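J.: make a model of this:
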Amino acid sequence: MKTAENLVSFEEFKNKTDREILTNIKESVDDCFKKPELKQYKKARKLTNIFLGLSLGILFIGFFSFLVFMFLYTSEINNQIRNALFGILIVLGLALTTFFILYLVYKKIRNEKQIIVKSFLLDSLQSKKIYEKATKLLDKRWELITNKYIPVNERLSYNANTRRFSKTEYINNRPDFIPSSAYILNTTPCQTVMVDGKYPVHFSNILWEDIVKHVDTKGNVSYQKRHYNSTLMKVNASGLDIDKRASFSYFSQEFLGHKKVQLENKIFNKLFKVYSNDELKMYMYFTPFVQENLIRLYKEFMRYTHINHLRFYANNDVIIYSFMSPPEYMNIDIPNKFKNETTVTNFIYNDVLKDFYSFYWLLALVYIPVYLY
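T.: Below you'll find the model as predicted:
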């Protein structure tokens, strides 16, 4: 990781990835668009939209015709006209049924081909090791080692059997935005990035579900499911010298009865709200220069990340981050629609960029003060 003097901007990181990552993604997408399954998907998607439109159109015409029929049925008209109108309704009903069945058939074909295309593209991108390359581009001393890492100490890493953090860690570190009534629906296996050869960084995504009760003015009760996505990230900082370790938190997260530390820069204090049990150490780490660079990191570069509602605390040999994130954070996200090569390439590339710049941004919170080195 670069120190405060060498803070990497989003544009600098993008310039590095344009040469390699963007090229790899474009190659995979171009190959995908040559597949016959993609042509079949696009044809099925087009027909799905056509038959859905026809079904809705006939439904509207049929409803209007039914109103006319009911009006004329009660009027004094001869049976011939009445029978003709009834025949029209039957034809419209048959047409609606036919078009709706065709819509369902082509929708099924579209979905089947979509799964095949997404699977091919995902396999192609994974074979090019997109995320491994992006990690190295952030810093040559960083390495994505998920499959190589063997956890030993669960407190500093994760459970070796489940490859996940403990349920208590997930719950106790949930972002404040997620209601306390929400429960864990799913978690992803931990991934690991080795930073500077001595700090393993583990992260896992969480899907939460909350059931909200609604009561209307008449007393009718209904329930609504709400879902939230977050990420829990843990840094094993045991490689840090004991005398350099500290306990502190950012962003109004009072931790273990720590007190708020008022540093020299008022803007920094307002943004970061540092709490600690060692004020002297905080002055040592958060010099005026460091405060200025952290302000810059927050104000100029946070908008290029996926991070929302961040919780952060360092407790001697472990550092915890918890934040709202996209469902596929630090995993390749494939779009649901394949409009054209450029659109798909940009979607995937922008997601990869944001994933990794988010990762860099989070670690910069402890590297700019030279807490980790």
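J.: before we move on, what SS does the residue nearest to the spatial centre of the chain have?
T.: Geometric centre of the chain, nearest residue: P326, 1.2 Å, by C-alpha atoms, centre = their mean. Put simply, P326 is coil when judged by DSSP: H, G, I helix; E, B strand; the rest coil.
J.: that one contacts H306, correct?
T.: Yes: with contact defined as C-beta atoms under 8 Å, P326 and H306 form a contacting pair (5.5 Å). From N, CA and C alone the C-beta is placed, and that goes for glycine too.
J.: which neighbours do the two share?
T.: With C-beta atoms under 8 Å, 6 or more residues apart in numbering applied, the contact sets of P326 and H306 do not overlap.
J.: what is the mean pLDDT for stretch 157-176?
T.: Stretch 157-176 comes out with an average pLDDT of 95.
J.: now do the strands in the stretch 1-150 of the chain.
T.: 143-144 (DSSP state E, counting those that start in this stretch).
J.: and the closest residue to H258 other than its chain neighbours, what are its bridge partners?
T.: Using C-beta to C-beta, 6 or more residues apart in numbering and skipping the chain neighbours, the partner closest in space to H258 is Y275 (4.1 Å). Bridge pairing for Y275 (DSSP bridges) gives the partners S249, K260.
J.: and this structure, what are its domain boundaries?
T.: Domain assignment for the chain, taken from automatic domain parsing, gives 36-121, 141-367.
J.: what about those, which gets the closest to S9?
T.: Nearest to S9, of all the domains of the chain, is domain 141-367, at 6.5 Å by C-beta to C-beta.
J.: so how far is the first residue of that closest one from its last?
T.: Across domain 141-367, the terminal residues are separated by 14 Å (C-alpha to C-alpha, to the nearest Å).
J.: just give me how far that domain sits from the chain centre.
T.: 12 Å (C-alpha atoms, centre = their mean, to the nearest Å).
J.: did I read that right, S238 in a helix?
T.: No: counting by three-state DSSP, S238 falls outside a helix, being coil.
J.: now the closest residue to it other than its chain neighbours: how far from D210?
T.: Nearest residue to S238 in three dimensions, chain neighbours excluded: D317, at 4.4 Å (C-beta to C-beta, 6+ apart). Distance, D317 to D210, using C-beta to C-beta, to the nearest Å: 34 Å.
J.: R141 now?
T.: For R141, the distance to D210 (C-beta to C-beta) stands at 41 Å.
J.: of these two, which one has the most company?
T.: D210 (16 against 12; other C-beta atoms under 10 Å).
J.: so that one sits against Y228, correct?
T.: Yes: between D210 and Y228 a contact is recorded at 7.1 Å, counting by C-beta under 8 Å.
J.: intersection of neighbour lists for the two?
T.: Listed as contacting both D210 and Y228 by C-beta under 8 Å, 6+ apart are I178, A182.
J.: returning to that earlier point: pretty sure the residue nearest to S238 sits against V235.
T.: No: using C-beta under 8 Å, D317 is not in contact with V235, being 9.4 Å away.
J.: look at those two and report which has more neighbours.
T.: Per other C-beta under 10 Å, whichever of D317 and V235 has more neighbours is V235, with 25 against 16.
J.: quick check: mean pLDDT of the one helix or strand the more buried one maps to?
T.: Assigned by DSSP states H and E, V235 belongs to strand 221-236. Confidence over strand 221-236 (mean pLDDT, whole number) is 96.
J.: that one: partners in the sheet, and parallel or antiparallel?
T.: Strand 221-236 is paired, per DSSP bridges, with strand 199-215 (antiparallel), strand 318-324 (antiparallel).
J.: re the thing from before, any idea how far L207 is from the residue nearest to the centre of the chain?
T.: Using C-beta to C-beta, P326 is found at 11 Å from L207.
J.: shared neighbours, those two?
T.: The contact sets of P326 and L207 overlap at N229 (C-beta under 8 Å, 6+ apart).
J.: give me the below-cutoff pLDDT ranges for the chain.
T.: By pLDDT under 70, the low-scoring segments of the chain are 1-6, 65-85, 253-256.
J.: give the buried residues for stretch 118-132.
T.: The neighbour-count check on stretch 118-132 (16 or more other C-beta atoms under 10 Å) flags K118, F120, L121, L122, S124, L125, K128, I130, Y131 as buried.
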